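Provided below for reference: sequence and predicted model.
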Amino acid sequence: MTLEQLRIFVAVADREHLTQAAEALHLTPSAVSSAIRVLEDRYGLALFHRTGRRIELTDAGLAFLPEAKATLARAESADLFLTEFGGLRRGTLALAASQTVAGYWLPPRLMRFHEAYPALAIRMAGGNTEQAADAVLDGRAELGFVEGAVDHPALAQRVVARDRVVVVASRGHPLAGRPVTPDDLSTARWVLREPGSGTRNALTSVLDEAALDIALSLPSNEAVRSAVLSGNVLTAVSEYVVADDLAAGRLAPVAFDLPERAFRLLRHKERHRSKAGLAFEAML
């Protein structure tokens, strides 16, 4: 099989749509369909079900998809290894970051790096702490940036910044602006980030999660912030997220101290370290 066939297979599998895959790859739908058919004929396997105008993965296609993605990632790594010898005049720096880091701490540093190396492409994937760590482990990102604790023997990590998680509420909340006890917090309703989030873990490392009345678990800092602004609930978020709201009086602090946490840089101990990655680490 060829790398081009793998790229086409992955594009179709991710979109479950031939025409959309063809548009993304700048190919004709017939060329995409032909490449898939050649791949299927070579191995005598159907990779997709074709039901009317729909297309979806068969069991064989579903099992093959991670292998195809891993092969393409390895090929991209090989390409990067050779092109980086041009003295950072070409290449890509692939990053993954959890939401708080990606949304607030990392962007100004990425702009500084871009100004120093304008020809380098920077690709960043967002998610939560677990997802960012997984991206580094499976090679989709060279460097990861997280605000939660990560414990994996294959990952090297170092602290690059410090952050404070604060408990906040809407201005009219009965706990706003006064000292509270853990019992007060266990009787309040909460809106938190999803499980696996470093921000949520910062709270539940201090308070028993089972004792909290969690009304909603939401997948982003902005969703949590909006919920607290519009409801009689508490949340725990990075001070980066709510600094403007606290300054403007839209939200009020709840006087309950949480431990300071670290923003960490992650990299795989055994994977090749690109010149771009080393340069970005040096800048930090």
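Alright, I've got the coordinates. Predicted, not measured: the structure shown is a model, and the values here were computed from it.

what are the boundaries of the strands in the stretch 51-200 of the chain?
With DSSP state E, counting those that start in this stretch applied, the stretch 51-200 of the chain shows strands at 54-57, 92-98, 121-127, 143-146, 155-163, 165-170, 189-193, listed in chain order.

so what touches the longest one?
Just to be clear, that refers to strand 155-163. Strand 155-163 has contacts (C-beta atoms under 8 Å, 6 or more residues apart in numbering) with 100, 105, 133, 136-137, 144-145, 147, 150, 238-240, 260-269, 284. From N, CA and C alone the C-beta is placed, and that goes for glycine too.

what about 7 Å?
Contacts to strand 155-163, defined as C-beta atoms under 7 Å, 6 or more residues apart in numbering, come from residues 105, 133, 136-137, 147, 150, 238, 240, 260-269, 284.

which of the residues you listed fall in helices?
Mapping these onto helices (DSSP state H) picks out 133, 136-137, 240.

picking up where we left off before, among the strands of the stretch 51-200 of the chain, which comes closest to Q5?
Among the strands of the stretch 51-200 of the chain, strand 54-57 comes nearest to Q5, with 15.6 Å by C-beta to C-beta.

quick check: mean pLDDT of that closest one?
What strand 54-57 shows for mean pLDDT is 91.

and stretch 117-125, by the same measure?
92.

off-centre distance for it?
The chain centroid and the centroid of stretch 117-125 are separated by 16 Å under C-alpha atoms, centre = their mean, to the nearest Å.

still on that earlier bit, out of the ones in helices among the contacts of strand 155-163, the closest to A276 would be?
V136 (15.0 Å).

from the contacts of strand 155-163, list just the buried residues.
Buried residues within the contacts of strand 155-163, counting neighbours by 16 or more other C-beta atoms under 10 Å: 105, 133, 136-137, 147, 150, 238, 240, 261-268.

need the worst-confidence member of those.
pLDDT across the buried ones among the contacts of strand 155-163 is lowest for E147, at 88.

ok so, going back, take the strands of the stretch 51-200 of the chain and write them to a markdown table, including mean neighbour count.
A markdown table is the format used below for these (neighbours: other C-beta atoms under 10 Å):
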| stretch | mean neighbour count |
| --- | --- |
| strand 54-57 | 15 |
| strand 92-98 | 25 |
| strand 121-127 | 15 |
| strand 143-146 | 28 |
| strand 155-163 | 15 |
| strand 165-170 | 23 |
| strand 189-193 | 22 |
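
to V32, which of these lies closest?
Among these, strand 54-57 comes nearest to V32, with 10.5 Å by C-beta to C-beta.
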